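Participant: have a look at this fold, sequence not included:
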């Protein structure tokens, strides 16, 4: 007697499973792990043997030896253990592969550091060195005019879609902008080096403002292209290191043009710390003479030729690989093979739109308009608004102390060369701290290093304000005021480390949530909002310091003379003014710097509690929440 089962029984048992959703990923787990094994041993028609046959088989099994039974029983028990060990080895090998950095990836990181350093060179001159050199030749109104030269870096968002949309695919999407922009910067540096020296000595603020405006414009344009290249130059598993490269490169370039250049071009500093040192003077055969070791003309010309050599090397030897462009090219070729009208189509990153066969300029115009519309869609995202509330306010607590403490020390008569030497000594330590902070921020969730840096930086701003208040007036020597300068150096190093930690953590977060299909426009948007967090509050905060500062004229008995006014700067109180000319004394009643600095530190503490809740929510959001509609299908028109 033969008992048959339905032929689809094994199919039904094979499908017996449980579907479980793991954070948006559906995984199918069989309800019985032994089902497949039993089915493999079933009959050819897919049927299980009847119960009578099973009983007979069990009775016949008694002829097997005891050793055979033990082996058969232990095999199913060992199999799950072996599978578990194999899965554990695979996960361990995968984690090791994720951490491993290849030689090519190291080379790409060095290239990123170099490109960001080349941006920092003109920025350090424009925002640091030139204002410091010109302050003795220009009025405050003229200094405000020269500050307009830095505006392009804050408004680069306006032309970032053009940089991302117009390029030569044959030469490279990013190299199409980086190479000509860097060569233009090099040409200006070489040709205008001597002219800049003459205009500086003459105090001609307008020509200098116009020229440095173009320097910053070129640097800002390069920054857009480099930010976009960073998203594809490094693999996704190491994309967090892009922010570390940016931190290290920008700091190196900026401080080279600011701190190092000012120190080596200053006559007092060179005579005191370099030519006055017998070992250094003998090693480099230096004799005391008027002027610094380098001049403005020589420094600018040197970097012009250096820019030329580096840019030509990148153009000739670095091949740009953009998988987004390659995927687009593959789709375009596939469309041409399957469509007879492909020559009239406009191929997009994953979408195809009909074209009327217009000119190349019309197609490029449509592409740029589409890029601006997509950027506007990103601006309207609720997640961007939530992140903007953090970016526009997270520096409020430390901005007064970090921006005005050095000015307050100078106002108290602390020697400029002493502060310059202090910053010069800190420079290599700051570079090392940038590397350490960058690796820490890149290996953790951005939330932890950002909040750690935030509260440490807030504490350092309070200590810096307190130290500025207690700093001895007229301090000019490390030997005479060792404790005070050592404390200032320690606070500066910790502040720099925490600032770098925050900057790198934010950069890592930006790189993760940015849409690579938009190129550098997305990153430029986030960096622009972050820059506005410094530009917007700085003017009202400085105005508040000036309003809250109060000085009065007092007679010999200590009574206030209401008809006579005194200046608001400490170094001018004892100078020639209406009060001292009348035989009275000027005194500082309230210093607005300390009032604003302590008040904003308290505000920063409250904001820190808010950020500690906001940032984790933003960090946990899926990437889809950071994408505009069709954000990954950015229209790039093929000519």
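Facilitator: Here it is on my side, so go on. Computed from a predicted structure; not experimentally measured.
Participant: alpha carbons only for contacts and neighbour counts from here, please
Facilitator: Fine.
Participant: give me the number of residues near residue 100?
Facilitator: Taking other CA atoms under 10 Å as the neighbour definition, residue 100 ends up with a count of 12.
Participant: relative to residue 235, how far out is it?
Facilitator: 11 Å (CA to CA, to the nearest Å).
Participant: shaky segments in the stretch 1-150 of the chain?
Facilitator: Low-confidence segments of the stretch 1-150 of the chain (pLDDT under 70): 1-99, 135-136, 139-142, 144.
Participant: cool, the stretch 451-600 of the chain as well?
Facilitator: For the stretch 451-600 of the chain (pLDDT under 70), the answer is 519-520.
Participant: quick one: the strands in the chain, in order.
Facilitator: When secondary structure is read from DSSP state E, the chain shows strands at 17-22, 25-30, 345-347, 352-354, 550-554, 585-590.
Participant: from residue 127, how far out is the residue most central in space within the chain?
Facilitator: With distances taken as CA atoms, centre = their mean, residue 507 lies nearest the centre of the chain, 3.6 Å away. Here the criterion is CA to CA. By it, residue 507 lies 22 Å from residue 127.
Participant: could you do residue 553 as well?
Facilitator: Distance from residue 553 to residue 127, counting by CA to CA: 37 Å.
Participant: of the two, who's got more company?
Facilitator: Summary of the neighbour comparison: residue 553 and residue 127, criterion other CA under 10 Å, with residue 553 having more neighbours (25 against 19).
Participant: need the contact list for that one.
Facilitator: Contacts were defined as CA atoms under 8 Å, 6 or more residues apart in numbering; by that measure residue 553 touches 560-562, 564-566, 579, 584-587.
Participant: so which residues of the stretch 151-300 of the chain form helices?
Facilitator: 151-154, 160-165, 175-202, 205-233, 241-255, 261-265, 267-269, 278-284, 296-317 (DSSP state H, counting those that start in this stretch).
Participant: not counting sequence-adjacent ones, nearest residue to residue 476?
Facilitator: Distances taken as CA to CA, 6 or more residues apart in numbering put residue 415 closest to residue 476, at 4.8 Å, once the chain neighbours are dropped.
Participant: make that residue 183, sorry
Facilitator: Of all residues apart from its sequence neighbours, residue 308 sits closest to residue 183 (CA to CA, 6+ apart), at 6.0 Å.
Participant: got a list of what that neighbour touches?
Facilitator: Shown in contact with residue 308 (CA under 8 Å, 6+ apart): 182-183, 186.
Participant: of the residues you listed, closest to residue 537?
Facilitator: Nearest to residue 537 among the contacts of residue 308: residue 182, at 32.5 Å, using CA to CA.
Participant: how many neighbours does the residue nearest to residue 476 have?
Facilitator: Around residue 415 sit 16 other residues, with neighbours defined as other CA under 10 Å.
Participant: hang on, it packs against residue 475?
Facilitator: Yes - with contacts defined as CA atoms under 8 Å, residue 415 counts as touching residue 475 at a distance of 6.5 Å.
Participant: can you give me the helices in the stretch 351-500 of the chain?
Facilitator: In the stretch 351-500 of the chain, the segments counted as helices under DSSP H, counting those that start in this stretch are 360-379, 382-391, 399-411, 416-443, 447-470, 482-513.
Participant: so which of the ones you listed is nearest residue 192?
Facilitator: Put simply, out of the helices of the stretch 351-500 of the chain the one that sits nearest residue 192 is helix 416-443, at 27.2 Å, with distance taken as CA to CA.
Participant: that older thread, excluding chain neighbours, give the residue nearest to the residue nearest to the centre of the chain in space.
Facilitator: residue 243 (4.8 Å).
Participant: quick revisit: phi, psi of the residue nearest to residue 476?
Facilitator: Here is the backbone geometry of residue 415 (degrees, to the nearest 10): phi -60, psi 140.
Participant: got a pLDDT number for it?
Facilitator: Taken from the predicted model, the pLDDT recorded for residue 415 is 76.
Participant: return the residues in contact with it.
Facilitator: When contacts are counted by CA under 8 Å, 6+ apart, residue 415 is found next to 474-476.
Participant: same thing but 10 Å
Facilitator: Residue 415 is in contact with 409, 473-477, counting by CA atoms under 10 Å, 6 or more residues apart in numbering.
Participant: tell me which of the helices of the stretch 351-500 of the chain lies nearest to residue 529.
Facilitator: Distances from residue 529 to each of the helices of the stretch 351-500 of the chain were compared using CA to CA; the minimum, 6.5 Å, belongs to helix 382-391.
Participant: can you point out the buried residues in that closest one?
Facilitator: Along helix 382-391, these residues count as buried under the neighbour rule (16 or more other CA atoms under 10 Å): 384, 387-388, 390-391.
Participant: redo the residues you listed as TSV? Include pLDDT and distance to residue 271.
Facilitator: Formatted as TSV, the entries for the buried residues of helix 382-391 read as follows, by pLDDT from 0 to 100; distance: CA to CA, whole Å:
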residue	pLDDT	distance to residue 271
384	93	52
387	94	49
388	93	48
390	94	46
391	93	44
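Participant: between those residues, which is nearest residue 319?
Facilitator: Sorting the buried residues of helix 382-391 by how near they are to residue 319, with CA to CA, puts residue 384 at the top with 34.0 Å.
Participant: do I have it right that the closest one meets residue 530?
Facilitator: No - look at residue 384 against residue 530 with CA atoms under 10 Å: they stay out of range, at 11.8 Å.
Participant: of the contacts of residue 415, just the buried ones, PyMOL syntax please.
Facilitator: Only the buried members of the contacts of residue 415 enter the following PyMOL selection, criterion being 16+ other CA under 10 Å:
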select buried, resi 409+473+475+476
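Participant: of the contacts of residue 415, closest to residue 525?
Facilitator: Of all the contacts of residue 415, the one sitting nearest residue 525 is residue 409; the distance, using CA to CA, is 35.8 Å.
Participant: on that earlier part again, hey, which of the helices of the stretch 151-300 of the chain is tucked in deepest?
Facilitator: helix 241-255 (a mean of 25; mean count of other CA atoms under 10 Å).
Participant: what is the orientation angle of it with helix 482-513?
Facilitator: Computed by axes from the mean of the first three to the mean of the last three CA atoms, to 10 degrees, the angle separating helix 241-255 from helix 482-513 equals 140 degrees.
Participant: and helix 241-255, how far from the chain's centre?
Facilitator: Relative to the chain's own centre, helix 241-255 is displaced by 8 Å; criterion: CA atoms, centre = their mean, to the nearest Å.
Participant: what helices and strands are in contact with that helix?
Facilitator: helix 103-124, helix 205-233, helix 416-443, helix 482-513 (3 or more CA pairs under 10 Å, 6 or more residues apart in numbering; DSSP states H and E).
Participant: may I see the contacts of residue 553 arranged in a markdown table, with distance to residue 132 and neighbour count as well?
Facilitator: What follows is the contacts of residue 553, written out as a markdown table (distance: CA to CA, whole Å; neighbours: other CA atoms under 10 Å):
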| residue | distance to residue 132 | neighbour count |
| --- | --- | --- |
| 560 | 37 | 16 |
| 561 | 37 | 15 |
| 562 | 36 | 9 |
| 564 | 33 | 16 |
| 565 | 29 | 16 |
| 566 | 27 | 23 |
| 579 | 31 | 23 |
| 584 | 34 | 18 |
| 585 | 32 | 21 |
| 586 | 29 | 26 |
| 587 | 29 | 19 |
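Participant: now flag whichever of those is closest to residue 468.
Facilitator: Closest to residue 468, out of all of those and judged by CA to CA, is residue 587, at 18.1 Å.
Participant: quick check: bridge partners of that closest one?
Facilitator: Applying DSSP bridges to residue 587 yields these beta-bridge partners: residue 552.
Participant: which residues touch it?
Facilitator: Taking CA under 10 Å, 6+ apart as the contact definition, residue 587 lies against 550-554, 558, 560, 566-568, 570, 573-574.
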